[in-house]
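Enquirer: got a structure for you, letters missing:
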C-alpha cells in the first residue's frame, strides 16, 4: 500500500492506464480481501468525483475494496459535508492523496452554464449545486474560455483551490508533505484521466509507466 503522495498518485494512474487500455486486473475484489477489511480500512486515496454514472471510481482506476475513500456529488460540488468527509480520509484514515475528478460532458457544469446565460436558477436543491459551480463558470467565461474541456479544467482547479482554502486540516497536511491534492479530468470516450493541477505534488506531463 502506498505511503507517500507520489506512490499513491502513480498507483492510481497506473490503474487508469490499464482500464483505458482494456486490460484491467480487478485487484482486491475477492472474498479474502473482503475478510481482511472487515475490522478496519486503510485506503490510499480520497477521491472527490462527480456523481455521473459513467464515473465509477474503482472501475476507471482499476482498484478494489478498501483502496479508495470516495465522495461523489453532482459536479463534484463541495460543501461542509464533503469537506468533513475529505478531512476524515486525510486525518483519520491517513490517506496520502486527495483527488478531484471532473469529466467532459458534465451535466452539472452544462446546467450551470445555461443558468448563468439565462439568468435563472435551478429548481429545488439543484439550485445549491448550480450555486457552487457558478464561480467556476464565471471564472472560465472571464478568461475567454469557450470549449467544454476548458470549462471542466477550470472547475477542477477551482474545486482544488476551494478545498485548500476552506480546510485548514487539509492545507496543513499538504504543507507537511503528508498528503497532496491533485485535480484530474476524465474523458468519457477513451477512459483516460489526465492531470489538470496539483498541490503538494510535482506533475509530469508524461508520468512514468507503473505496473
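Expert: Great, that's in hand. Please read all numbers here as calculations on a predicted model, not as lab measurements. Numbering: from 1, shown residues only.
Enquirer: And the contacts of the lengthiest helix in the chain?
Expert: The residue-count maximum for a helix in the chain (DSSP state H) belongs to helix 148-166. With CB atoms under 8 Å, 6 or more residues apart in numbering as the test, helix 148-166 has contacts from 48, 75-76, 78, 83, 86, 98, 100-106, 109, 113, 133, 135-137, 139-140, 143, 145, 170-171, 174, 181-185, 196-199. All C-beta atoms are positioned from the backbone trio N, CA, C, and that covers glycine.
Enquirer: Which entries within the residues you listed meet the buried criterion?
Expert: 48, 75-76, 78, 83, 86, 98, 100-104, 106, 109, 113, 133, 135-137, 139-140, 145, 170-171, 174, 181-185, 196-199 (16 or more other CB atoms under 10 Å).
Enquirer: For the longest helix of the chain, the averaged confidence score.
Expert: For helix 148-166, mean pLDDT rounds to 96.
Enquirer: what does stretch 96-106 give?
Expert: Rounded mean pLDDT across stretch 96-106 is 97.
Enquirer: Please flag which of the contacts of helix 148-166 sit within strands.
Expert: 48, 98, 100-103, 181-185, 196-199 (DSSP state E).
Enquirer: Show me how far the helix or strand hosting residue 6 is from its chain's centre.
Expert: Residue 6 belongs to helix 5-21 when elements are defined using DSSP states H and E. Helix 5-21 has its C-alpha centroid displaced from the chain centroid by 13 Å (CA atoms, centre = their mean, to the nearest Å).
Enquirer: Now do the buried residues in that helix.
Expert: 5-6, 8-20.
Enquirer: of those residues, closest to residue 70?
Expert: Distance ranking of the buried residues of helix 5-21 against residue 70, using CB to CB, places residue 12 first at 12.2 Å.
Enquirer: how about the closest one, what does it touch?
Expert: 44, 45, 61, 63, 97, 99.
Enquirer: what do you get for residue 66?
Expert: For residue 66, the contact set (CB under 8 Å, 6+ apart) comprises 28, 33, 36, 37, 41, 42, 43.
Enquirer: helix/strand/coil for the closest residue in space to the first one that isn't next to it in sequence?
Expert: If you skip the residues right next to it in sequence, residue 28 has residue 64 as its closest partner in space, 2.8 Å away by CB to CB, 6 or more residues apart in numbering. For residue 64, the secondary-structure state derived from DSSP: H, G, I helix; E, B strand; the rest coil is coil.
Enquirer: No more questions from me, cheers.
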